[in-house]
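Student: structure here, sequence nowhere to be found:
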């Protein structure tokens, strides 16, 4: 038996000795994703995880400036901003010349061919193709003249990819004309989103259904390896067209070293290794150990890393850095306006809103990372007004008055309302308990219902939820993306989870969304926010502040939630990294 | 049994579960888009028709494509089995032989060193009383992060490289199953020790080694085999927690994802696969009984 034990111990030490060590200089960014990437096809790219990978392989006509805030659209495959005609309904876009798809056997001699305007027409037809069930179809749905008709005809077998779409014309090889069925000043944002990124017809035809495993774009990186649920390795596209590191940014960017590589050709590094780590603890430990160049701070470790809103000395000495970013999102306690009592009684909703102590929620549940929301529009989004104050502030006396006005003084005769939680986490349950307590002080009782995410989603979309917690993250940086949440044509199962219907709101909304950015549009948006804050279909709680930790060796790290193509800007100081290891 | 499993899976998914079309369509989808997706996924068909389709899939073991990843489901499962088995099979073997060894030691010293035997039992109970998650978190923290003996998380497709990522999960898995296995094996061996044939064999002058290898283990093999064969299906279906914490792309992770995404075709495939394996190894156990004990007959 002694021999067996000795052999087992020896084996263990041999195994330990053979643990692979990372080489010192790799010219590699080591990134992470917290969820698996289901497929790599831009038309299905709706989650942030697939968007990050897709946006580094594929490209669209436009994208967001890496350093400027509020974020602004700039050309990517387009040669300049579009010429906008016909009162905002026609866009003429010049395409950059000498842009090539990645080399692939799908092309003659394995050499990626040059990009043309026809590729965009083909790619957007793919997005509309009903057989492909594109998850990103909502981006162009109802927007381009004739595209919805084409989609319907394809479904009934009356059209195919050769059938022209009235709103999509290649005026020549490098000029694309897009006719919109309605004015949309959000269109450039849509053209910056992953679903509208360009693919090559030859690649789609060669790989068929397997296209999801063969992402061939024009972007800075090509897919080198994809071990599903484990790792994605991207390597530099040797034929990447000329894209330069930005030369301007925010005021403090220069002092932060974010302009060190100004004017240099992208991508800066040869390889990106993206590890899929779905659990918080291993992600945090791998980051601290230096296996990842940037990471995330788990809620339970936050106090360990931050004290008095400062990075603790221990972590600062370890070379950790933090990028703080106001997130373009809002958390909301939502009311179902179709509920026979809650939906019909504005004073009752006002009472519930006034009873919520948002500051306590911010401190207890967000470690004070964020700001109290006064309305639906978050900071960093066009249309956000930092001076704006919600007319209903936390005030227990006022809440009681509102409740009395509602005809339910002290909560008398009110039924118990169901409050739906999206999961069974301690966080969600404690959050529910705090709300329950704050409303109980008013005399309003709620029952906390635990759901799985699919159950929660189903209850909301089938209008069966009464009160629930939700958050909305910008899809694109425009107030309209938040104000559409209250537009009556978007009620459940659309994004108007409140099922809020207000004809006056709809009228102003329809007027506002066709206006170009400017004072008139802004004034209308302000009216919409006033209507919402008066009607209280939900209570806007917090705009979150994200803290992104990274190691001192990582250069140019300035993440923003909807800028996905950021790997190309990152660089690693290899000596610093080697010293850490 | 398989019929019961299919029916239960189908009912749970359709009655308690979410709406896959809502999950897939995303937060901005309109009612028309969701309805169109429902149509394309066949979710607008009546429940009996959908159930019959499920039965047809079971009959041909052809599950089609995942709604979420659009991959062929059989290919997804095959690609997950290798990593799962790399994790679970060595851990199972280590745990089995180590547990048997400890149980044999514990049983053999019952009369001569009763305190040690009790100590082993208490130790096993202590091992069992700690949550699996606590083992994972503490081992990952100390052995992986603080002392740097093992990689914290990761995977490699090559067989020569992947073991480095597997040693720590093997250790955790072995320790977790050591407690219950030792107690079961010890109990079975103790029962055997009280039989007359043991006393007879001892009276005949058989030494301890011969007594255990020729008689006790031979007779104890059937209950031990029953316990062991019931664990085998779970080797294929993987370890949900270990795979998630150590980044092993196995079948367990596939199951979690499919539930999170309401990916019903994958849920169906994995549930039926688990049941089939369970039935198969049950049958195997029955067949093996006749091999180890000629008194047992299959009828």
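Tutor: That came through fine. None of these values were measured; they are calculated from a predicted model.

Student: show me what from the stretch 51-200 of chain B comes close to chain A.
Tutor: Counting by CB under 8 Å from any CB of the partner chain, the residues of the stretch 51-200 of chain B close to chain A are B:65-66, B:68-71, B:79, B:101, B:137, B:140-141, B:144-145, B:148-155, B:157, B:161, B:163-164, B:167. Where you see a C-beta, it was placed from the backbone N, CA and C, and this is true even at glycine.

Student: and the helix or strand hosting residue B:23, what does it pack onto?
Tutor: Using DSSP states H and E, residue B:23 maps to helix B:20-25. On a contact count with 3 or more CB pairs under 8 Å, 6 or more residues apart in numbering or on different chains; DSSP states H and E, helix B:20-25 meets helix A:453-461, helix B:31-41.

Student: kindly present those helices as JSON lines, with separate columns for distance to residue B:53 and mean pLDDT.
Tutor: Shown next, in JSON lines, are the helices and strands packed on helix B:20-25 (distance: least, CB to CB, whole Å; pLDDT from 0 to 100):
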{"stretch": "helix A:453-461", "distance to residue B:53": "21", "mean pLDDT": "88"}
{"stretch": "helix B:31-41", "distance to residue B:53": "11", "mean pLDDT": "82"}
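
Student: how about those, which one is nearest residue B:187?
Tutor: Within the helices and strands packed on helix B:20-25, the stretch nearest residue B:187 is helix A:453-461; the backing value is 41.9 Å (CB to CB).

Student: got the angle between the closest one and helix B:31-41?
Tutor: Going by axes from the mean of the first three to the mean of the last three CA atoms, to 10 degrees, helix A:453-461 is angled at 140 degrees with respect to helix B:31-41.

Student: touching chain B at all, helix A:453-461?
Tutor: Yes. Applying CB under 8 Å from any CB, one finds helix A:453-461 touching chain B at A:453, A:454, A:455, A:456, A:457, A:458, A:461.

Student: distance of the first one relative to residue A:395?
Tutor: So that's residue A:453. From residue A:453 across to residue A:395, the span is 34 Å (CB to CB, to the nearest Å).

Student: residue contacts, residue B:179?
Tutor: Shown in contact with residue B:179 (CB atoms under 8 Å, 6 or more residues apart in numbering or on different chains): B:123, B:124, B:125, B:126, B:127, B:128.

Student: I should have written residue B:38 there, sorry.
Tutor: With CB under 8 Å, 6+ apart, residue B:38 has these contacts: B:19, B:21, B:44.

Student: count the neighbours of residue 290 for me.
Tutor: No chain in the question, so chain A it is. 17 (other CB atoms under 10 Å in any protein chain shown).

Student: meant chain B actually
Tutor: Neighbours of residue B:290 (other CB under 10 Å): 12.

Student: that one: what's its closest spatial neighbour, skipping adjacent residues?
Tutor: Among residues not flanking residue B:290 along the chain, residue B:296 sits closest, at 5.1 Å (CB to CB, 6 or more residues apart in numbering or on different chains).

Student: looking at this, the one you found is in a helix?
Tutor: No. Counting by DSSP: H, G, I helix; E, B strand; the rest coil, residue B:296 is not found in a helix; it is coil.

Student: ok, it to chain A distance?
Tutor: Noted for residue B:296: a distance of 32 Å to chain A, by CB to the nearest CB, to the nearest Å.

Student: show me what contacts that residue?
Tutor: By CB under 8 Å, 6+ apart, the residues touching residue B:296 are B:222, B:289, B:290.
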